[in-house]
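Undergrad: I need the structure of the sequence given here:
(one chain, ligands or ions: 1)
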Amino acid sequence: MRVLVVTAVRAEADSVVAGLCPDGPVTSHRVPGGHTLRRCAGTGTAVDVLAGGVGPAAAAAATATALTAAASTPGAPPYDLVVSAGIGGGFAGVAPLGAVVVADAMVAADLGAQTPDGHLPVEELGFGRSVHRPAALSERVAEVLGAVHGPVLTVSTVTGTAARAAELTARHPRAAVEAMEGFGVAEAAASHGVPVAEIRAVSNAVGPRDRAAWRVGEALDALRDAFRLLIPVLDEEAR
Ligand SMILES: O=C(O)c1cccc(C(=O)CC[C@H]2O[C@@H](n3cnc4c(=O)[nH]cnc43)[C@H](O)[C@@H]2O)c1
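TA: Presented below is the predicted three-dimensional model:
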């Protein structure tokens, strides 16, 4: 099985690599556009890890570039799965600080139109889509990781008020986490016909801005531990 993991920033990619191959070695490969893929040698499942940038557009561009590079390399096996991974904001009562969330839906929560009656998703405007359904193995991954299995919202602007958090919860009552890349990764994966998944570790609560309350280090450790548990599930899936 061949898997591409896309994070936003290098620190997240480091955690993923540390979880996947704690003893190394790690090889690096450049892809067009200047991104570097890191690959753990010695695992049954070949996993490439890429830090593609913050936000859905950067994530989509980096993911599409890596998928295109793989597809146009003679003899290279295609990717079987793309995983969007990183830290995120947890919704109150669903995903506390340090929790891991595996997406059961990847939702572009601010893609659409604002109206006096509220947000209209693009489906209601008559074009595009605002939801991707993750790969079936997500349920098993959530079970093995002991993770929350719920919707992950992708936004272009980090929520910073209680009012915005309440609006998102009203529109997506089961929402577990908010982050900024998953839907972009999913769009790129879908355009290549590759299944997608999303794994987030909660670094902060969605709501009023409070940088002092962030627990980025703990979330990065939780992300590492989640990827440590992931390889056996992927190997199981490949059989
Ligand atoms: O300055 C702020 O108030 C602020 C609050 C939360 C996160 C940020 C970031 O710049 C991190 C963006 C980065 O991390 C993911 N992330 C983490 N927490 C959240 C969140 O609550 N809402 C959206 N994205 C979040 C995101 O995927 C980005 O890669 C700044």
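Undergrad: pull the number of nearby residues for residue 36.
TA: Residues lying near residue 36 (other CB atoms under 10 Å) number 14. C-beta here means a position set from N, CA and C on the backbone, and glycine is covered the same way.
Undergrad: contact partners for it?
TA: 28, 29, 30, 50, 51 (CB atoms under 8 Å, 6 or more residues apart in numbering).
Undergrad: which SS class is the residue nearest the centre of the chain?
TA: Ranked by distance to the mean C-alpha position of the chain (CA atoms, centre = their mean), the top residue is residue 84 at 2.5 Å. Following DSSP: H, G, I helix; E, B strand; the rest coil, we place residue 84 in the strand state.
Undergrad: and it, what's its pLDDT?
TA: Residue 84 carries a pLDDT value of 98.
Undergrad: wait, it touches residue 188, no?
TA: No. With contact defined as CB atoms under 8 Å, residue 84 does not count as touching residue 188 (9.8 Å).
Undergrad: who touches both of the two?
TA: residue 59.
Undergrad: picking up where we left off before, adding pLDDT, secondary structure and distance to residue 168, write the contacts of residue 36 out as JSON lines.
TA: JSON lines is the format used below for the contacts of residue 36 (pLDDT from 0 to 100; DSSP: H, G, I helix; E, B strand; the rest coil; distance: CB to CB, whole Å):
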{"residue": "28", "pLDDT": "92", "secondary structure": "strand", "distance to residue 168": "38"}
{"residue": "29", "pLDDT": "89", "secondary structure": "strand", "distance to residue 168": "38"}
{"residue": "30", "pLDDT": "91", "secondary structure": "strand", "distance to residue 168": "38"}
{"residue": "50", "pLDDT": "96", "secondary structure": "strand", "distance to residue 168": "28"}
{"residue": "51", "pLDDT": "97", "secondary structure": "strand", "distance to residue 168": "26"}
